[in-house]
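Asker: after the sequence you'll find the predicted model.
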Amino acid sequence: MGYLYIAGAALLPLLVLLPHSRGEDEVGLLAVGGVAAAAGAILLARQGRFPAWSLHLLVALATAIITLGIHFTGDAGTPLVAYYFWVGVYAFYFFTPRQAAAHVALLAIAYGSALEWGPGSTEPLRHWVMIVSTIVVVGLLIARLVSQVRDRAAEAAARAEKLLLAEERTRLILETAQEGYLAMDADGRVVTVNARAEEMTGWPRAAIVGRRVSATLLPERIRAGFERELAHFLETGESPVMNRTIELVVLHRDGHEFPVELAIAPLCEDGAWRFNAFVHDITQRKRDEQRMREQLEDLSVIADVARDLSSVTDAHAARPAICKAASELSAAKVGLLFEPDPRGQELISTAVVGAPIPTIHLAFTGAPSGAAAAFSSGQPFFVADARGHPAVDQRLVERLQVASALWQPVLRNGVPIGVLSVAWEHRVAEVTERVASLMDLLAAEAAVAIERADLLARLEAVARTDDLTGLANRRAWDEHLPRELSRAGREEYALCIAMFDLDRFKAFNDQQGHQAGDRLLKQVTATWRDMLRPSDILARYGGEEFVLLLPNCPVDEAERVVERLRTSVVAGQTCSAGLAVWDGEETADELLSRVDSALYDAKRQGRDRSVTA
């Protein structure tokens, strides 16, 4: 629109310079050109800032300007009438047919007015009919052509979008597939590969595209056979290696071989052959098969499992190790360990291997449960068809997606203390004698391992607890503090620590006796614990010194907490305290050193006070 205004304005001075009738108002024409030029400049300067409806006003304005220009020429047959064609073409090109018709109607009225009241034309009606009808015909032609072009463009865009979507879906499927994919041309050269194939072979896409598959991915001993089969298929259209899954060995980029399942699907497009190869790495499956063969051939694995369980010293790793051994020895999908809760009302899964599921609760009464049956009877309980079995919890069967299951009681001195369970994904008709004996032995080892794990857990708790006060000891504090600093750094919250020291505690011990001193420490810590949040960590740092960690606690709130604790000391004793807020960068030792200095300042200033570093 702006460029049309500028172009129309630029032509007016040229028309004034060319020979013309003497009755023409040249000043008026130039003024009209100036208005058009100004309007065009404004449109170009503020393009994109006009609402859509304003375009109709601008087209109507152009009609008015043209009509005014015709008036100044004094001749209704002036060449300026050609400007009306600009308006018509623009309207039919950019607007709807109804809107364009409205603008042509306005144009016809304006031109008719110029012919009726303006001087110069001897045949106004003939001029009007010819000009208006020509504009309508040209406009309809333009509208038709524009409609056809837009329809074809829309169809092409729709086809392109569908093609792009299809290609994108195919690409996403191939890129996210768990199988490797590569495409070869008729010469056996790689055209493309997906991410899994890159990972599987070690060859990045840019490095393998264009290479011959046989020379790059196949061991030398089978290259000739592969190329022979490829050539035979191109000649005859038949080959035993096409459209079926075969097993062969593939070369990794680093030189090692690994087994795969390969399926090659040939595709002919426009006379050119393309071979889509889907590759599944079966290394793990082969290893599993080999492991099973070794386990079946050598019963010494029993001693290996027992030795492995006896060597577990981590209290948290013992139970998963038992489940892992059970699932491996029985070739089962899932291994579970159930133990009774402290109240003796239900069995709780304390370890699960092979299935990412939450903790399982099985009540002794109510719904049927194979684990409860084995625990109550002290005898193994096997179900070949777990689905629909009346003595099996069907919710658990559905959750684990298993077909058969075995529950082996774990006994200590003949008394059940848990149930070791294994479940198979596919139906197992019966438990073999070997598996039964392995599970019995493993259950005995599990009883020992569980007892050892519980003892280790108790020892671990004792090692991190102060005997006198029951608080965390210095060892536990040294483990907690770095973790809390890391958490505070990640979550970006304020963290304060305080250090307390009972004033003149040695004198109190000397006067009242050590037993009174111990009672004082117990009373003070019991009082303090009741005044703190569950997330706060109070520890006995040594002697009469205590440290307090206040996560997510601003320094002003921490000062109030410290004062509240410090002034609650019983038996007429006083307490000094130092407080520091972590600056976000210093180490645990640096922070402790700073709070220790604050405590020393409190002592030096007369005790019975707190100082913030």
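Answerer: That came through fine.
Asker: can you identify the element that follows the helix or strand of the chain with the lowest mean pLDDT toward the C-terminus?
Answerer: Least confident element among the helices and strands of the chain, by mean pLDDT, DSSP states H and E: helix 301-310 (a mean of 63). Later in the chain than helix 301-310, the nearest helix or strand by DSSP states H and E is helix 318-330.
Asker: quick one: average confidence on that following helix?
Answerer: With pLDDT averaged residue by residue, helix 318-330 scores 84.
Asker: please give me every residue in contact with the residue lying closest to G202 once chain neighbours are set aside.
Answerer: With sequence-adjacent residues excluded and distances taken as Cβ to Cβ, 6 or more residues apart in numbering, G202 is closest to R253, at 3.3 Å. Any C-beta I mention is one placed from the backbone N, CA and C, and that applies to glycine too. Contacts for R253 were tallied using Cβ atoms under 8 Å, 6 or more residues apart in numbering; they are T201, G202, W203.
Asker: need the three-state assignment for R253.
Answerer: Three-state call for R253 (DSSP: H, G, I helix; E, B strand; the rest coil): coil.
Asker: separation between it and F278?
Answerer: 20 Å (Cβ to Cβ, to the nearest Å).
Asker: next, format the contacts of R253 as a markdown table and append distance to G33.
Answerer: Output for the contacts of R253, formatted as a markdown table (distance: Cβ to Cβ, whole Å):
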| residue | distance to G33 |
| --- | --- |
| T201 | 73 |
| G202 | 74 |
| W203 | 70 |
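Asker: which among those residues count as buried?
Answerer: Neighbour-count burial (16 or more other Cβ atoms under 10 Å) applied to these gives T201, W203.
Asker: save the contacts of R253 as CSV, and put in pLDDT and secondary structure too.
Answerer: Shown next, in CSV, are these (pLDDT from 0 to 100; DSSP: H, G, I helix; E, B strand; the rest coil):
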residue, pLDDT, secondary structure
T201, 91, helix
G202, 92, coil
W203, 91, coil
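Asker: does A580 really touch T612, like I thought?
Answerer: Yes - contact criterion Cβ atoms under 8 Å: A580 and T612 qualify, at 7.1 Å.
Asker: what touches both of those two?
Answerer: By Cβ under 8 Å, 6+ apart, the residues touching both A580 and T612 are A598.
Asker: what about those two, which has more around it?
Answerer: A580 (26 against 19; other Cβ atoms under 10 Å).
Asker: can I take it that that one is in a strand?
Answerer: Yes - judged by three-state DSSP, A580 forms part of a strand.
Asker: please report the distance of it from A153.
Answerer: Distance from A580 to A153, by Cβ to Cβ: 71 Å.
Asker: and what of T612?
Answerer: Distance from T612 to A153, by Cβ to Cβ: 73 Å.
Asker: quick one, phi psi at the residue nearest to G202?
Answerer: phi -60, psi -30 (degrees, to the nearest 10).
Asker: please apply the same query to A374.
Answerer: Dihedral angles (degrees, to the nearest 10) for A374: phi -70, psi -40.
Asker: the one 5 residues further on too?
Answerer: When quoted as degrees, to the nearest 10, the phi and psi of Q379 stand at phi -120, psi 150.
Asker: hang on, it packs against Q408?
Answerer: No - taking contacts as Cβ under 8 Å, Q379 lies outside contact range of Q408: 9.3 Å.
Asker: looking at those two, which is more packed in?
Answerer: Q408 (27 against 12).
Asker: could you pull up phi and psi at that one?
Answerer: Phi and psi for Q408, reported as degrees, to the nearest 10, are phi -110, psi 120.
Asker: got a list of what it touches?
Answerer: Q408 sits next to A326, A374, P380, V419, L420, S421, V422, M439, D440, L442, A443 when contact means Cβ under 8 Å, 6+ apart.
Asker: correct me, but the second one touches P380?
Answerer: Yes - checked against Cβ under 8 Å, the pair A374 and P380 is within contact range at 6.4 Å.
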